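In: coordinates only, sequence not included:
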Ligand SMILES: NC(=O)c1ccc[n+]([C@@H]2O[C@H](COP(=O)([O-])OP(=O)(O)OC[C@H]3O[C@@H](n4cnc5c(N)ncnc54)[C@H](O)[C@@H]3O)[C@@H](O)[C@H]2O)c1
């Protein structure tokens, strides 16, 4: 089966590409390398291009003739999306529309889309199931929900079948595969905590200690990149075998507070890095935990790397690897 991967030079797309190749799929990557890395492509077939340019994406899909698309390319920073919403709607929505149009013109039947728990906004029910009302509270989440809705409407009026994966907090890496997150200004807690441990940032700031949680800090559901990546393949198999579209949460159903993550990271790194308490950020839900029973029930997906220590240990190995390879990455 031939799979076309947008954003395959980025953190998640590159690992899914690696896994697909290990499982004998034929793949091609499309990326503008704005936030991705050439080394993350390994020696995959590569189309350099930008989704906002319709002809570039159309030509690549026409040339590769995939059976399925996995669409990772997007801007991903919540705060930036609040300050520059146009940038987010243009890249995430217009870019997706161009991709979907190119898919339809080339009769690509299966479409896997990277969505996010940010589509729920501040959910009423925890753990959050896929049936929760979606009310995003920032342009990033809104842009992802718009694409979900576009896919739903288009699949009703065409041959297209989609699998939407709503990821919770993705973390971890695979040092053996030499793949992990390599973002210059990461917003992800675990990456930031480990960069603080390495002294790459002066301290880690906790955004609010007055939330209605056990220790006052926000609680999140962290999923290992290895399990997240496999979920894409399992969902693709499901929509293909069942010949239907569906939406899945991807998380473990277990939450850790910011303080707990910091404490575990201090134990693993054996470094007592500085921590500062700051104010709440706008729009952070106190608790976000996935109900991922649907994914487990309907597909072959089973979590394998779901110990928080494994996630942080693997992320730590990766940060040390990046730190010792300045040709790969400059902070
Ligand atoms: N990282 C997370 O915790 C998380 C959580 C929920 C959802 N997601 C979703 O997962 C997807 C991948 O996230 P990531 O963490 O790998 O991000 P990333 O920034 O590492 O990767 C995104 C890739 O897309 C490319 N790209 C962006 N815009 C493009 C365009 N117009 N044309 C071509 N290429 C373009 C970038 O160069 C980059 O290589 C995103 O859609 C994101 O919304 C991520």
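Out: Yes, it's here. Values in this document were obtained by computation on a predicted structure and should not be read as measured data.

In: burial of the closest residue to residue 96 other than its chain neighbours, as a residue count?
Out: Nearest non-adjacent residue to residue 96, counting by C-beta to C-beta, 6 or more residues apart in numbering: residue 147, 4.4 Å away. (Each C-beta comes from the backbone N, C-alpha and C, glycine too.) Number of residues near residue 147 (other C-beta atoms under 10 Å) recorded here: 24.

In: quickly find the element holding residue 147.
Out: Using DSSP states H and E, residue 147 maps to helix 139-156.

In: mean confidence for that helix?
Out: Averaging pLDDT along helix 139-156 yields 98.

In: mind listing what's buried in that helix?
Out: 139-148, 150-151, 154-155 (16 or more other C-beta atoms under 10 Å).

In: tell me the residues of the stretch 151-300 of the chain that contact the ligand?
Out: 167, 169-170, 188 (C-beta under 6 Å from any ligand atom).

In: most surrounded residue in these?
Out: Highest neighbour count within those: residue 170, with 23 neighbours (other C-beta under 10 Å).

In: may I have the beta-bridge partners of it?
Out: Beta bridges link residue 170 to residue 223, judged by DSSP bridges.

In: again, but for residue 128
Out: residue 290.

In: how many other residues sit next to it?
Out: Residue 128 has 25 neighbouring residues, counting by other C-beta under 10 Å.

In: and residue 111, how many neighbours?
Out: Residue 111: 26 surrounding residues under other C-beta under 10 Å.

In: could I get the phi/psi values of the one residue in the stretch 1-150 of the chain that gets nearest to the ligand?
Out: Scanning the stretch 1-150 of the chain for the residue nearest the ligand gives residue 10, at 1.9 Å (criterion: C-beta to the nearest ligand atom). The phi and psi values for residue 10, taken as degrees, to the nearest 10, are phi -90, psi -180.

In: show me what contacts it?
Out: 31, 35-36, 40, 72-73 (C-beta atoms under 8 Å, 6 or more residues apart in numbering).

In: could I get those as JSON lines with neighbour count and secondary structure?
Out: As requested, the contacts of residue 10 are exported to JSON lines (neighbours: other C-beta atoms under 10 Å; DSSP: H, G, I helix; E, B strand; the rest coil):
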{"residue": "31", "neighbour count": "27", "secondary structure": "strand"}
{"residue": "35", "neighbour count": "18", "secondary structure": "coil"}
{"residue": "36", "neighbour count": "22", "secondary structure": "coil"}
{"residue": "40", "neighbour count": "25", "secondary structure": "helix"}
{"residue": "72", "neighbour count": "26", "secondary structure": "coil"}
{"residue": "73", "neighbour count": "28", "secondary structure": "coil"}
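
In: low-confidence bits of the chain, can you list those?
Out: The model of the chain has no residue with pLDDT under 70.

In: that one: helices as residue ranges?
Out: Using DSSP state H, the helices of the chain run over residues 11-22, 54-64, 78-83, 85-88, 95-105, 139-156, 189-197, 225-242, 258-269, 293-298, 308-323.
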